[in-house]
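Asks: Whatever this is, show me its structure:
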Amino acid sequence: MKTRNFIAFAMAGFFGLAMITSCGGGKTGDQSTTDSTAVKDQAADPNVPSAEQMAMGKAIYETPGKCITCHMANGQGVASVFPNLVGSQFLLNSKVLAVTQVLNGSAKVGNKTIKYPAPMLPQVGSADSAVAVINYVLNSFGNKGGMVTVDEVKDVVIDPR
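Replies: As a prediction, this is how the structure comes out:
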């Protein structure tokens, strides 16, 4: 009986591994060339964050206990509880203030029509990290919000913790 279970387990593992590796992520050689060209084009555009900054912002956003906890994986938050980041006029029009909130939190969260019940806690400790996560949000979830630079937020004071 043990031998039969071992053989079944080994076969399942082999076929599972074969399926995963044969998939290759769904890209062909032609697509990988296009992807690298897109990264070069992205880096050349001063209004688009670099791939490295987007990866950093995504990693921060998705860290348990950070942005994803309230704003959810899709950026839509929870109605009347946590703000929606998708198409957020606040983010698009107040990028420096958004970075300030990521750095220092905010006791007053909301707009003219919605007041959210919980304050936003500070999420990161450096301007580089705050800019990365805001740029990630500005360019994710269907947002096409451009970017903010570290130079634009150089005067933002990080509150003591």
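
Asks: Now do the helices in this structure.
Replies: Assignment of helices within the chain using DSSP state H yields the ranges 2-23, 29-44, 51-61, 67-71, 89-93, 95-104, 127-138.

Asks: Out of these, name the one with the poorest average pLDDT.
Replies: Looking at the helices of the chain, the lowest mean pLDDT belongs to helix 2-23 (a mean of 35).

Asks: What distance do you get for Pro49 to Phe82?
Replies: Distance of Pro49 to Phe82, computed by C-beta to C-beta, to the nearest Å: 24 Å. Backbone N, C-alpha and C define where each C-beta goes, glycine included.

Asks: ditto for Tyr61
Replies: Taken as C-beta to C-beta, the span from Tyr61 to Phe82 is 14 Å.

Asks: any residues in contact with both of those two?
Replies: Common contacts of Tyr61 and Phe82 (C-beta atoms under 8 Å, 6 or more residues apart in numbering): His71.

Asks: Distance check, Ile114 against Ser80.
Replies: With C-beta to C-beta as the criterion, Ile114 and Ser80 are 6 Å apart.

Asks: Would you agree Ser140 is in contact with Glu62?
Replies: No. Judged on C-beta atoms under 8 Å, Ser140 makes no contact with Glu62 at a distance of 10.7 Å.
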